[in-house]
Each structure stands twice: as C-alpha cells, then as structure tokens.
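Enquirer: Got a predicted structure plus its sequence, pasted below:
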Amino acid sequence: MNTTTQPLITIAIDGYSSSGKSSMARQLAKTIGYRYIDSGAMYRAVTLYAMQHNMISDDLAIDEQSLIAALPEIDIDFQVDGERQYTLLNGVNVESDIRSMAVSNRVSPVSAIPAVRHALVKMQQQMGQQKGIVMDGRDIGTTVFPDAEMKIFVTASPQTRAQRRVAELIEKGIPASYEEVLANVVHRDHIDETRAESPLRRADDAITLDNSTMTVDEQNRWLLDRYEECIAKSNR
Ligand code: DC
C-alpha cells in the first residue's frame, strides 16, 4: 500500500490479554508501513528484570522500593529482524523469556505499581512523538495517547482467549495446560480491570471489536477497513 501521501496518525489498540490484539496490531503496522510497539512486552520486560534481580519472592511479594529505584537502569527497546520483532532488555534479546508462564504469572502486579506505569507511559509517549505508530496494550487509548486518531478496543471470551494462548505457547515450544492458562487469563483480567492506576477500560471514543468468532484474516481486514475509514475522515 502506498502510504506516502497519507497523513500519519496514531493508532491505539487496547483490550484483554490474549485477545489477539498484538497480532492484529502488528499486521496492520506492517501493511501500512507504521512502527509497531507491543507495550505489554515492556511490562513483561520490567517483570523479568525484577525476577532476575530477586525482587519478587516465591509468594509473589514485590520489593517495590528496589524496583522503583532500579527503573532508571532498565532500558527497553525493540529490534526488527525481517518478519519478527524482538524485545531487548538492556541490550539482551529476552523475547522468549518474557512470554514464559513465570513472567505471565507475575506481570499484572508489577504493572499495577504506579511508578512503573509512569516510567513506561513516558517511554511510550516518546516512541509515539512522530506518529505513524500502532501501539497495543491496556491504557493506550485512555492514558498513553488519549488524542489518538484511531482507537480500537478488542475483546473475546476468556475461553477463546485461553485456547488461543495455549496454541501460541505450544507453537513456541513452551509447555502449557489449558486450565492453567485459563486461570491466568481470568486472574489477569481481574487485576487489569480493578487496579487503581489506569485500569483496563475502553476509551469512550474507541470502536469495540469482539473477535470471538472471527478468523485472523477477517480481523485483519476489519482493522484495515477502520484505518481506511479513519484516513478518509482526516482527508475530508
Ligand atoms: O498484553 P500482555 O498480556 O503481553 O500484557 C502483559 C501484562 O502487562 C498484562 O497483565 C497487563 C499489563 N499491561 C498494562 O498494564 N498496560 C499496558 N499498556 C500493556 C500491558
């Protein structure tokens, strides 16, 4: 697609964990030539850092003070390699580590710490300064880019999301049980929706997509249609 004559916009895609929003967001960014940022990967990278530095105990208590003090030492970046994008934590590729169940089970409480959110939101806003970005997460349309020209909120049933996540993990060679993943999905929904600091919430001006019964191709087409509508509106 020739996007050179189109205005650059900011695209915020929020929604529940394992709703497929990252795949949709990544595909849209690729089709329209935008930068893609997976903000969940950034919260996962901070969680991994905390685990590596023994800041999370076995009973999941977090040494918040040490983590907050370490935030300036945590550098997160993304590296694009052909079709794939890797998350770098202080220069090290941690893409597969941040997807493990160990990180998934600890990331929600870490992402509920206000100082962690402030630091990452600031980084995300800097990444989006030039527009031409698709970012997915939980608070992109509400907090990170409240003025985004295009906002989407993706949802699907917890069972559908757990099935998708199991398939994704197994494909990556990470062992996973459906019951464990479903429990994790439901638990994370609860923490994400009820935390005091920017909880998961649909922005008032977001378009909702329930993709429970859609194929990947249908979702991608739907999203591209919304983008084209949005561009047509800004050209009017
Ligand atoms: O999208 P994900 O499952 O990789 O996100 C991992 C966790 O990070 C999830 O439990 C919620 C949190 N998160 C967040 O609080 N805000 C964001 N913008 C993105 C993710």
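Expert: Everything's here; your move.
Enquirer: Surely Leu200 touches His190?
Expert: No. The pair Leu200 and His190 fails to qualify as a contact (C-beta atoms under 8 Å) at a distance of 10.0 Å. Bear in mind the C-beta positions are built from the backbone N, C-alpha and C, glycine included.
Enquirer: Mind checking which of these two has more residues around it?
Expert: Legend: neighbour count by other C-beta atoms under 10 Å for Leu200 and His190, higher for Leu200 (20 against 11).
Enquirer: So which residues on this structure come close to the ligand?
Expert: Contact residues (C-beta under 6 Å from any ligand atom) of the chain with the ligand: 17, 39-40, 43-44, 107-108, 111, 137-140, 188, 192.
Enquirer: Neighbour-wise, which one of those residues leads?
Expert: Counting by other C-beta under 10 Å, top hit in the residues of the chain next to the ligand: Ile140 with 32 neighbours.
Enquirer: what about the longest helix in this protein?
Expert: helix 216-235 (DSSP state H).
Enquirer: Who are the contact partners of the residue nearest to Val121 when sequence neighbours are not counted?
Expert: Distances taken as C-beta to C-beta, 6 or more residues apart in numbering place Val144 nearest to Val121, at 5.5 Å, with adjacent residues excluded. Counting by C-beta atoms under 8 Å, 6 or more residues apart in numbering, Val144 touches Ala12, Ser39, Val121, Gln124, Gln125, Gly128, Met135, Gly137.
Enquirer: Just the buried ones from those?
Expert: Neighbour-count burial (16 or more other C-beta atoms under 10 Å) is assigned, among the contacts of Val144, to Ala12, Ser39, Val121, Gln124, Gly128, Met135, Gly137.
Enquirer: closest to the ligand among those?
Expert: Gly137 (2.5 Å; C-beta to the nearest ligand atom).
Enquirer: so where do the strands sit in the protein?
Expert: 10-15, 35-38, 76-81, 84-89, 92-93, 133-137, 150-155, 207-210 (DSSP state E).
Enquirer: Turn the ones you listed into a markdown table, columns for mean pLDDT and distance to Arg99.
Expert: A markdown table is the format used below for the strands of the chain (pLDDT from 0 to 100; distance: least, C-beta to C-beta, whole Å):
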| stretch | mean pLDDT | distance to Arg99 |
| --- | --- | --- |
| strand 10-15 | 97 | 18 |
| strand 35-38 | 96 | 11 |
| strand 76-81 | 92 | 14 |
| strand 84-89 | 93 | 9 |
| strand 92-93 | 98 | 12 |
| strand 133-137 | 97 | 15 |
| strand 150-155 | 96 | 19 |
| strand 207-210 | 96 | 23 |
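Enquirer: right, and those strands - which one's nearest Lys172?
Expert: Closest approach to Lys172 among the strands of the chain is made by strand 84-89 (11.8 Å; C-beta to C-beta).
Enquirer: pull the CA atoms of the closest one into CSV?
Expert: Written as CSV, here are the backbone C-alpha positions of strand 84-89 (Å, rounded to 0.1, in the frame of the first residue of the first chain):
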residue,chain,number,x,y,z
ARG,A,84,10.0,-10.8,13.6
GLN,A,85,10.3,-8.2,16.3
TYR,A,86,12.3,-8.9,19.5
THR,A,87,12.2,-7.2,22.8
LEU,A,88,15.6,-6.1,24.2
LEU,A,89,16.1,-5.7,27.9
